[in-house]
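>>> the amino acid sequence is not available; the structure is as follows:
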């Protein structure tokens, strides 16, 4: 009996060490994955995936046949970047859908060799510069703490002291916001379309990391100072996606926010935890990895992995929890099937503050493509809201 007990004890040791080894390996895998995901969130991407195949092309008829994806089957008009962003075209409405794919109108090719192109990707952008709008504009420079940041200034038809400052989203540039110029110009607003740190046009920060709005708002504040120096006395801030998180930070932290009369948000991040949770679940990442990502981003020691100069404060970036602190009218436009930034947080903010939030809920339109999907409804929503804003201040 004694020998059996000794034999059992000896055989248990390798099992114990095996279990400990597996646990250590699992912890190491979680740590590595957490670091990869955290860096993916924070580091500006150098390239985007071409996820749409070009099946065929008929330049004479102005048609292009594309593989069917979530974006390519959306009604409306879109940018189509191809061949690793070396070319850009604009595609129009869907002509037909078949087993071969989606045939769409090919409205124009702005640059690049689309004849030899094989793959591309859709974008909510439509115009690449203000020239496409056929409106007068000025290339200006906004002095920011990091240096000069290029911007476009598009004046209203009549002289006015009302300005809108447009703030684009993550991994895109100010051309994204050109779609909003028309309704604001119709309402008598000058438009200032800005760049901000690490977006590929404005100066880089020392760490070259996105701060998810936590520091980008400083450049928006600089844009507000620029507008005020040019005569602005009423400012509307409009943010797209991460730009929404950025303008909310500017609204609540800028010393110039008293001049902000309202905020417009398109597909905004109003709660980063909700957004990152949504994306993690889509990618089937374990909860331990999600916890690891948040810990790395919000901890000072996490900079060893993330490269962030300073940790980020997720609580300060949660405007559902901070809803009571908001005191300006907000127009919130979001598609319930956004696919990237969940509309749940936007809906929660609207429910928490129905006194100041006007929520225009879209469907099908996906992320920051609301204008592309239904231009008339989108522009009318902004025009009507601006009319109400004016009447409230009269």
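Arrived safely, thanks for sending. It should be emphasised that the depicted structure is a prediction, and the values quoted were computed from it without experimental measurement. Residues are numbered from 1 along each chain as shown.

>>> only C-alpha atoms for contact and neighbour calcs from this point on.
Fine.

>>> number of residues surrounding residue 363?
12 (other C-alpha atoms under 10 Å).

>>> repeat for residue 302
Neighbours around residue 302, by other C-alpha under 10 Å: 21.

>>> next, count neighbours for residue 281.
12.

>>> so where does it fall, helix or strand?
Using DSSP states H and E, residue 281 falls within helix 272-282.

>>> work out the gap between that helix and the centre of the chain.
Centroid separation between helix 272-282 and its chain, computed with C-alpha atoms, centre = their mean, to the nearest Å, is 14 Å.

>>> please renumber the chain so that the first residue is 306 from this point on.
Fine by me, first position is 306 from now on; the one you just mentioned is helix 577-587.

>>> what about the stretch 356-505 of the chain, any weak spots by pLDDT?
By pLDDT under 70, the stretch 356-505 of the chain has no low-scoring segment.

>>> tell me how far the closest residue to residue 618 other than its chain neighbours lies from residue 554.
Leaving aside its sequence neighbours, residue 618 sits nearest to residue 603 (C-alpha to C-alpha, 6 or more residues apart in numbering; 6.1 Å). Noted for residue 603: a distance of 17 Å to residue 554, by C-alpha to C-alpha, to the nearest Å.

>>> the two: who's more crowded?
Comparing residue 603 with residue 554 by neighbour count (other C-alpha under 10 Å), the higher total belongs to residue 554, at 22 against 17.

>>> tell me the contacts of the more buried one?
By C-alpha atoms under 8 Å, 6 or more residues apart in numbering, the contact set of residue 554 is 518-519, 522, 622.

>>> mind checking which of these land in helices?
residue 522 (DSSP state H).

>>> now for the contacts of residue 554, which pair is the farthest apart?
Pairwise distances across the contacts of residue 554 (C-alpha to C-alpha) peak at 11.7 Å, for the pair 522 and 622.

>>> who has more neighbours out of the two?
Between residue 522 and residue 622, counting by other C-alpha under 10 Å, residue 522 is the more crowded of the two (26 against 22).

>>> now for that one: which residues touch it?
551-552, 554-555.

>>> buried members of the residues you listed into PyMOL, please.
A single PyMOL command is used to select the members of the contacts of residue 522 judged buried by 16 or more other C-alpha atoms under 10 Å:
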select buried, resi 551+552+554+555
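
>>> make a markdown table out of the contacts of residue 522 and add distance to residue 676 and pLDDT.
Formatted as a markdown table, the contacts of residue 522 follow (distance: C-alpha to C-alpha, whole Å; pLDDT from 0 to 100):
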| residue | distance to residue 676 | pLDDT |
| --- | --- | --- |
| 551 | 21 | 98 |
| 552 | 20 | 98 |
| 554 | 24 | 98 |
| 555 | 24 | 98 |
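
>>> I'd guessed residue 348 sits against residue 513; true?
Yes. Under the criterion of C-alpha atoms under 8 Å, residue 348 makes contact with residue 513 at 7.0 Å.

>>> tell me which stretches of the stretch 406-555 of the chain form helices.
Using DSSP state H, counting those that start in this stretch, the helices of the stretch 406-555 of the chain run over residues 486-491, 522-534, 547-558.

>>> most tightly packed of these?
Sort the helices of the stretch 406-555 of the chain by mean neighbour count, taking mean count of other C-alpha atoms under 10 Å, and helix 547-558 sits at the top with a mean of 25.

>>> so whatever helix or strand comes next after it versus helix 522-534, what angle?
Using DSSP H and E, the next helix or strand after helix 547-558 towards the C-terminus is strand 565-571. Here strand 565-571 runs at an angle of 130 degrees relative to helix 522-534 (axes from the mean of the first three to the mean of the last three C-alpha atoms, to 10 degrees).

>>> how many neighbours does the spatially closest residue to residue 431 that is not a sequence neighbour have?
Once flanking residues are discounted, residue 431 sits nearest to residue 384: 5.0 Å by C-alpha to C-alpha, 6+ apart. Counted with other C-alpha under 10 Å, the neighbours of residue 384 add up to 22.

>>> please identify the helix or strand for residue 384.
Per DSSP H and E: residue 384 is located in strand 383-387.

>>> partners of that strand in the sheet?
strand 392-403 (antiparallel), strand 424-428 (antiparallel) (DSSP bridges).

>>> just the residues contacting that strand, thanks.
Contacts with strand 383-387, where a contact means C-alpha under 8 Å, 6+ apart, come from 355, 392-397, 419, 422-432, 677.

>>> buried subset of those?
Looks like the contacts of strand 383-387 have 355, 392-397, 419, 422, 424-432, 677 buried, using 16+ other C-alpha under 10 Å.

>>> re the thing from before, beta partners of the residue nearest to residue 431?
Going by DSSP bridges, residue 384 forms beta bridges with residue 395, residue 428.

>>> which residue ranges of this structure form strands?
Per DSSP state E, the chain carries strands over the ranges 357-363, 368-371, 383-387, 392-403, 406-416, 424-428, 443-449, 452-459, 467-472, 495-499, 539-545, 565-571, 635-640, 662-667.

>>> save those strands as a markdown table, and put in distance to residue 582 too.
Output for the strands of the chain, formatted as a markdown table (distance: least, C-alpha to C-alpha, whole Å):
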| stretch | distance to residue 582 |
| --- | --- |
| strand 357-363 | 26 |
| strand 368-371 | 32 |
| strand 383-387 | 28 |
| strand 392-403 | 33 |
| strand 406-416 | 32 |
| strand 424-428 | 24 |
| strand 443-449 | 33 |
| strand 452-459 | 32 |
| strand 467-472 | 24 |
| strand 495-499 | 29 |
| strand 539-545 | 20 |
| strand 565-571 | 20 |
| strand 635-640 | 18 |
| strand 662-667 | 21 |
